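In: quick one, what's the 3D model for this:
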Amino acid sequence: MALSKDNIISKHFSKKIFGGLNEFEVRDFLHVLAEDIRHLNVLVEKQNQRIKELEERIQDYRDREQLLKRSIVSAQEIADKIQKDTEQKSQLIIARANDKSEALIRQARSSLQSVYNDIASLKRLHLQFKSSLKASLQSQMDLLEQTPLFSLSLPEGGEFPEEKSSVDTSVEDEKLSSPEEAEEMTKEKTKEKEYKKL
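Out: Numbers count the residues shown, from 1 in each chain. Alright, predicted model coming up:
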């Protein structure tokens, strides 16, 4: 049986006829003992209440710890997912940029090759024109060199006619000058003739 204040105070002892204890002293001692027990019970109750509060706080801390752990795990999973998505997006962007840059490089090379081809074609045309012009000039020079020079002679009667044709004049000029000078004089005569027509 658990001791309490009421149990101690209400406790009755059997009496002996001889050699018994002083009942009043026993009662006083029991009252003191009962008061001490009451104080101890109060302290035990307070300690139990304190223990209960601490256990509740510990449980609350454990719950918070678990919640914090779950939050950390969830945050880590989200961070990993974001990092993975970011890496995938960055790789996709880099791949697209590489494809675009390669396409631009191919286009630039194609344009450059087209320019080179145009330059080569122009060079060929230039050489062809130069060769053709040179051949034409050489043909004209050969023609001028092969043209015979007529001797200058007086007409019958010993006098020159008053008017001479442009052909005769050019022939006489050719007799009096070199082929180059004769060509220059022929050009001048032609210009004079055209001017008179105007």
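In: any idea of the mean pLDDT in the longest helix that the chain contains?
Out: If you go by DSSP state H, the chain has its longest helix at helix 23-146. Helix 23-146 shows an average pLDDT of 89 in the prediction.
In: show me what it is packed up against.
Out: helix 5-9, helix 179-197 (3 or more Cβ pairs under 8 Å, 6 or more residues apart in numbering; DSSP states H and E). In this view, the C-beta of every residue, glycine as well, is placed from N, C-alpha and C.
In: redo that, cut-off 6 Å
Out: Packing partners of helix 23-146 (3 or more Cβ pairs under 6 Å, 6 or more residues apart in numbering; DSSP states H and E): helix 5-9.
In: tell me the mean pLDDT over the helix it packs on?
Out: On average, helix 5-9 scores 66.
In: one more: stretch 186-198?
Out: Computed over stretch 186-198, the average pLDDT equals 63.
In: can you start the count at 64 instead of 1 from here on
Out: Will do, 64 is the new start, and the previous item becomes stretch 249-261.
In: give me the number of residues near Glu116?
Out: 10 (other Cβ atoms under 10 Å).
In: swap that for Ala97, sorry
Out: Ala97: 19 neighbours (other Cβ under 10 Å).
In: against Glu108, how distant is His94?
Out: Applying Cβ to Cβ, to the nearest Å, the value for His94 to Glu108 is 21 Å.
In: the more surrounded of these two?
Out: Set His94 next to Glu108 and count neighbours by other Cβ under 10 Å: His94 wins out with 13 against 10.
In: check contacts around the more buried one.
Out: By Cβ atoms under 6 Å, 6 or more residues apart in numbering, the contact set of His94 is empty.
In: likewise for Leu200?
Out: No residues are in contact with Leu200 under the rule Cβ under 6 Å, 6+ apart.
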